[in-house]
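J.: Would you be able to build a 3D model of this:
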Amino acid sequence: MKMEKADHSKKIVDWMLNNDRFSKWLGIKIKNIETGKVTLELEITEIMLNGFDILHGGIAFALADSALAFASNSHGRRAVSLEALINYTAPVHKGDTLTAIAEESNLTNNTAVYDITIYNQHQRKVALFRGTVYRSNKDYSDIL
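T.: Below you'll find the model as predicted:
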């Protein structure tokens, strides 16, 4: 049963990424999928930098937001973001590789809260993100 749920979660997240033009454009890669937990990876390129030659905050936010979307939808119910907050804890530079780990903090019938930690390739925390989603009653049976 647990393996079937994990397979279902993977199918949902794979479908989402295949249809998420923005995440694909950024170059986000899925490293791990579990129900309620997702790990993503992103290599930082020059075009992602701001005027100070550090990562634009919107890129880190987008990575975490994608992790939130994938993790919250992995249960099989369509979920959309209600609110999100990010703290930038260290600078990120061209050539860095970021890993975002989204973990479920609280799950109810209607909402869920996820904590996403973003690390660089040296395992240094570079951002902390918390997002809340609304969980609809609609599932993925129409597309899977």
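J.: How about residue 144: what's its closest non-neighbour residue?
T.: Distance criterion Cβ to Cβ, 6 or more residues apart in numbering; nearest residue to residue 144, sequence neighbours excluded, is residue 11 at 5.5 Å. C-beta coordinates here come from the backbone N, C-alpha and C atoms, glycine included.
J.: can you check residue 143 too?
T.: Using Cβ to Cβ, 6+ apart and skipping residues adjacent in sequence, the residue nearest residue 143 is residue 15, 6.2 Å away.
J.: What average pLDDT does the helix or strand that contains the one you found get?
T.: When secondary structure is defined using DSSP states H and E, the element that contains residue 15 is helix 2-19. For helix 2-19, mean pLDDT is 85.
J.: which residues touch it?
T.: With contacts defined as Cβ atoms under 8 Å, 6 or more residues apart in numbering, helix 2-19 is touched by 23-24, 28, 30, 33-35, 38, 69-70, 73-76, 140, 143-144.
J.: Show me which of these are buried.
T.: 23, 28, 30, 33-35, 38, 69-70, 73-76, 140 (16 or more other Cβ atoms under 10 Å).
J.: how about these, which pair is most distant?
T.: 28 and 76 (21.5 Å; Cβ to Cβ).
J.: Any figure for the gap between the residue nearest to residue 144 and residue 57?
T.: Look at residue 11 and residue 57: by Cβ to Cβ, to the nearest Å, they are 32 Å apart.
J.: Tell me which of the two has more neighbours.
T.: Regarding residue 11 and residue 57, a neighbour count based on other Cβ atoms under 10 Å identifies residue 11 as having more, with 16 against 13.
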